[in-house]
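# structure of the sequence below:
(chains A and B)
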Amino acid sequence: MKLLARPFFWLIVAATLVYAALPFWGQNVTLRETLVLSAIYVILATNLNLMIGYTGYVNFGSIVFFGLGGYLTLWLVADHRWGLYPAVLVAGAVTSLLAFLLGIGVLRLRGAYFALATIGINEAVKDFVANFDPWGGAEGIFLPFTAFKAMGGPGKALWTVYLLIVLVMGLSLLVAYLVKRSKFGLGLFAIREDEDAAVVLGVRAPLYKTLAYSLSAFLPAVAGGLYFFKNGSVVPDEAFNLHLSIEAIVMVMLGGQGTVTGAAVGAALYERLRGLLLTIQGLSNFHLVIAGALLLLIILFAPGGLMGWLYRVWPRLRRVLE
Amino acid sequence: MPEILASVLDGLLIGLVYGLAAIGLTLIFGVMDVVNLAHGAIIALGMFAVYLLFGAGLHPYLGLFVVALLGLAFGVVVYLIAVRPILNAPPLMTLLSTFSVSMIIIGVGTAVWSTSPYNVNFPVTTLKILGYTVTSARLVAALAAVLVTGFLYYFLYRTTLGKAVRAVANNREAAELMGIPSQQILAISFGIGTALAMLSGALIATLFPFTILSGGVYELKSFVASVLGGLGNPTGALLGGVILGLIEGSVAPFIKISWTNVIEFAIFVLILLTFPTGLFGGRR
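Residues are numbered from 1 along each chain as shown, chains lettered A, B, ... in the order given. Alright, predicted model coming up:
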């Protein structure tokens, strides 16, 4: 596939550049913080989509990768004086490897059993970390101030980390796109439609889905490392927040599962919506209710999400958007 | 040694209540293959229901009957709105729709009661049994759990409606061919599952302080208990709950209480991997 000739590739590049450039306009820190959250949501939703949308396995505990990445990174940086770059890469690789080993086991389960197991994994890891003294137990890990000094002081470090998070977002979109257009992706979609039939037709289902699970762990773990480095601390309840994991599913559903654009747009929209609901007076108490009602409405009336609706109204879009 | 035995006894009693919560979850899964992710929120609703009834002057144990009826009605409503339209969709859909119900309940609950702790403050006596001291509240809670389970079994095996529930669980199409109105049976089953969850919440509220978010812990315990016993198997769920309680009781004297969750979830994942149909064999 000639990547450079594909309009969608340039769409990804453009979206990444817009995210990267926007907050530099007048050094807008508020906008930067909003966009960090938006980019993190896009990363989580896009990678989760590899499992839910492509492979058809509902991972309810995808946030465990994000949290583990954060913990490994901060542990390496704070306790072992590593630089940020090697730390996030190692954290991503280790998390991905763990996901691969875990995947060999849990991916033998299907449907509701798999979903329950992923919840169990996240809760088990959270409770384990909360009791694990080398990682600070329930108090978590705090970064020493010197960690920022290596990157030219906290002010500069935060901008660098912002750009890195946006880069990870761009990479997530690219990976999701490349996987979708590859033979590997075709195998995953076959598993989603009918796993038994796919196996009969020669798709190596156990290997494929384990690889997908492992792949969906890498970039979220890197993002977790960057995000918690930016925060300067990591605690179990924030790192392994099951709620965020399920919100990521809402984002994927909102945009349309199985589509690259859908997951990303769903995530960005959800972030805006959440921000609006939290700031409107009198509604802030009800943001959970509204998000829940929205999810229910999507499931009942528009299970294809935003992209499903767009494709129906304007079928030609299928040629451009993935 | 006596302390350990007392702790194990405590664990056994609370385990029966866990078991009751797990039966609510497992019954719904057994009948319609739906994992009810609103389970925890519904347990919390049970806690607040008994709290409100107590505030209105009703003794908590009399309040249980009202809570059960409320649960039945609420469950039917939830079923009609959030489950029935997507019953034949992929499992993701029912997981998400029940989760959205959970978000709505928790959201409304947080707005009304905030997340600060409440408790049902009624006189409790302590009893001596074989030399061990237990509180009457714990004993009554365990007893109530056993009675409700017994009643459920009587219902499922001795009444026409209960037999219809089992028939629909076994094979919905065949049951329909025999003239069983499966939609009504499914609604009633969801209602019963919800009522059991609210009852267990109400019983827990007589033992410990609670918040609107407390249900989450018991939801996860229900998952563990019902998977231990095999999803869809009520007896297994009760036994799973008892096993959980016994584990908690027997390790409590030796390690920090926060490690029990790690042990439980590790067991949960291991059981799913090794015996996905539970310790006690096949489904149902």
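# so which residues make contact with the host helix or strand of B:A175?
Assessed by DSSP states H and E, B:A175 sits inside helix B:172-177. Contacting residues not belonging to helix B:172-177 are listed as B:164, B:167-168, B:182, B:185 [CB atoms under 8 Å, 6 or more residues apart in numbering or on different chains]. Bear in mind the C-beta positions are built from the backbone N, C-alpha and C, glycine included.
# just stretch A:137-154 next, same as before
Against stretch A:137-154 from outside (CB under 8 Å, 6+ apart): A:71, A:74-75, A:77-79, A:83-84, A:130-131, A:135-136, A:157, A:160, A:229, A:232-236, A:238-239, B:258.
# which ones among these map onto helices?
Counted as lying in helices by DSSP state H, out of the contacts of stretch A:137-154, are A:71, A:74-75, A:77-79, A:84, A:130-131, A:157, A:160, A:229, A:236, A:238-239.
# from the contacts of helix B:172-177, which single one is nearest chain A?
Closest approach to chain A among the contacts of helix B:172-177 (CB to the nearest CB): B:V168, at 18.3 Å.
# does that closest one count as helix, strand or coil?
helix (DSSP: H, G, I helix; E, B strand; the rest coil).
# show me what contacts it?
B:31, B:175, B:180, B:182, B:185-186, B:189.
# coming back round to it: helix or strand next in line after the helix holding B:A175, which one?
Counting by DSSP H and E, the next helix or strand C-terminal to helix B:172-177 is helix B:182-205.
# now that next one - C-alpha only, CSV.
What follows is helix B:182-205, C-alpha atoms only, in CSV (Å, rounded to 0.1, in the frame of the first residue of the first chain):
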residue,chain,number,x,y,z
SER,B,182,-41.0,-15.9,27.5
GLN,B,183,-40.9,-12.1,27.5
GLN,B,184,-42.9,-11.9,30.8
ILE,B,185,-40.8,-14.6,32.3
LEU,B,186,-37.6,-12.8,31.4
ALA,B,187,-38.9,-9.6,32.9
ILE,B,188,-39.9,-11.4,36.1
SER,B,189,-36.5,-13.1,36.2
PHE,B,190,-34.6,-9.8,35.9
GLY,B,191,-36.9,-8.4,38.6
ILE,B,192,-36.1,-11.3,40.9
GLY,B,193,-32.3,-10.9,40.3
THR,B,194,-32.7,-7.2,41.1
ALA,B,195,-34.7,-7.9,44.2
LEU,B,196,-32.0,-10.3,45.5
ALA,B,197,-29.3,-7.7,44.8
MET,B,198,-31.3,-5.0,46.7
LEU,B,199,-32.0,-7.4,49.6
SER,B,200,-28.3,-8.2,49.9
GLY,B,201,-27.6,-4.5,49.9
ALA,B,202,-30.2,-4.0,52.6
LEU,B,203,-28.7,-6.7,54.7
ILE,B,204,-25.2,-5.3,54.3
ALA,B,205,-26.5,-1.9,55.3
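# that helix close to chain A?
No. Helix B:182-205 is not in contact with chain A by CB under 8 Å from any CB of the partner chain; minimum separation 14.7 Å.
# could you give the separation of that helix from the chain centroid?
Distance, stretch centre to chain centre, for helix B:182-205: 9 Å (CA atoms, centre = their mean, to the nearest Å).
# go on, stretch B:66-79?
14 Å.
# pLDDT score assigned to the residue nearest the centre of chain A?
By CA atoms, centre = their mean, the mean C-alpha position of chain A lies nearest to A:L44, the distance being 1.2 Å. pLDDT, A:L44: 97.
# could you do A:L3 as well?
For A:L3, pLDDT reads 82.
# contacting residues for B:V8?
So B:V8 contacts B:246, B:249-250 (CB under 8 Å, 6+ apart).
# residues from the stretch 1-150 of chain B in reach of chain A?
Within the stretch 1-150 of chain B, the positions lying close to chain A (CB under 8 Å from any CB) are B:29, B:33, B:35, B:81-82, B:85-86, B:89-93, B:95-97, B:99-104, B:106-108, B:110-111.
# nearest to chain A, of the contacts of B:V168?
The nearest one, if we look at those relative to chain A and count by CB to the nearest CB, is B:V31, at 13.6 Å.
# check the gap between that closest one and B:A175 for me.
11 Å (CB to CB, to the nearest Å).
# those two: who's more crowded?
Neighbours of B:V31 and B:A175, each counted by other CB atoms under 10 Å in any protein chain shown, are more numerous for B:V31; the result is 24 against 20.
# point me to the helix or strand that includes that one.
Secondary-structure element containing B:V31, defined by DSSP H and E: helix B:2-32.
# flag every buried residue along that helix.
B:6-32 (16 or more other CB atoms under 10 Å in any protein chain shown).
# same question for stretch B:42-58.
B:42-54.
# tell me the mean pLDDT over that stretch?
Per-residue scores along stretch B:42-58 average to 95.
# now that stretch, how far from the chain's geometric center?
Averaging C-alpha positions (CA atoms, centre = their mean) puts stretch B:42-58 16 Å from its chain's average.
# where exactly do the helices run in the stretch 151-300 of chain A?
A:153-180, A:183-193, A:195-200, A:205-231, A:236-239, A:242-255, A:260-279, A:287-301 (DSSP state H, counting those that start in this stretch).
# which secondary structure elements does the fifth one contact?
Going back to what we said before, that points to helix A:236-239. In terms of contacts (3 or more CB pairs under 8 Å, 6 or more residues apart in numbering or on different chains; DSSP states H and E), helix A:236-239 is packed against helix A:63-80, helix A:111-131.
# export those to JSON lines and tack on mean pLDDT and mean neighbour count?
Listed next are the helices and strands packed on helix A:236-239 as JSON lines, based on pLDDT from 0 to 100; neighbours: other CB atoms under 10 Å in any protein chain shown:
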{"stretch": "helix A:63-80", "mean pLDDT": "95", "mean neighbour count": "25"}
{"stretch": "helix A:111-131", "mean pLDDT": "89", "mean neighbour count": "23"}
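# nearest to chain B, out of those helices?
Of all these, helix A:111-131 sits nearest to chain B, with 3.3 Å by CB to the nearest CB.
# so the closest one versus helix A:242-255, what angle?
Interaxial angle of helix A:111-131 relative to helix A:242-255 (axes from the mean of the first three to the mean of the last three CA atoms, to 10 degrees): 140 degrees.
# any bit of helix A:111-131 sitting next to chain B?
Yes. Helix A:111-131 lies within reach of chain B by CB under 8 Å from any CB, at A:111-113, A:115-117, A:119-121, A:123-124, A:127-128, A:130-131.
# thinking again about what came up before, other SSEs contacting the helix or strand that the helix holding B:V31 is followed by?
With elements assigned by DSSP H and E, the helix or strand that comes after helix B:2-32 is helix B:39-55. Applying 3+ CB pairs under 8 Å, 6+ apart, one finds that helix B:39-55 contacts helix B:2-32, helix B:60-78, helix B:91-113, helix B:182-205, helix B:215-229.
# what residues of the second one count as buried?
Taking 16+ other CB under 10 Å as the basis for neighbour counts, the residues of helix B:60-78 that come out buried are B:60-61, B:63-64, B:66-68, B:70-72, B:74-76, B:78.
# which residues are in contact with that helix?
Contacts of helix B:60-78 from elsewhere in the structure, counted by CB under 8 Å, 6+ apart, are B:38, B:42, B:45-46, B:49-50, B:53-54, B:58, B:98, B:101, B:120, B:122, B:140, B:144, B:187-188, B:190-199, B:202-203, B:205-206.
# in PyMOL, how would I select just the buried ones from the residues you listed?
Selection command for PyMOL covering only the buried members of the contacts of helix B:60-78, criterion 16+ other CB under 10 Å:
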select buried, chain B and resi 38+42+45+46+49+50+53+54+98+101+120+140+144+187+188+190+191+192+193+194+195+196+197+198+199+202+203+205+206
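# picking up where we left off before, which among the helices and strands packed on helix B:39-55 is found nearest to A:R6?
Closest approach to A:R6 among these (CB to CB): helix B:91-113, 29.8 Å.
# what mean pLDDT does that closest one have?
Mean predicted confidence for helix B:91-113 is 90.
# may I see the buried residues of that helix?
Buried-residue list, helix B:91-113, by 16+ other CB under 10 Å: B:91-110, B:113.
# what's the following helix or strand after it?
Toward the C-terminus from helix B:91-113 - assigned by DSSP H and E - lies strand B:126-129.
# since that was my last question, I'll sign off now.
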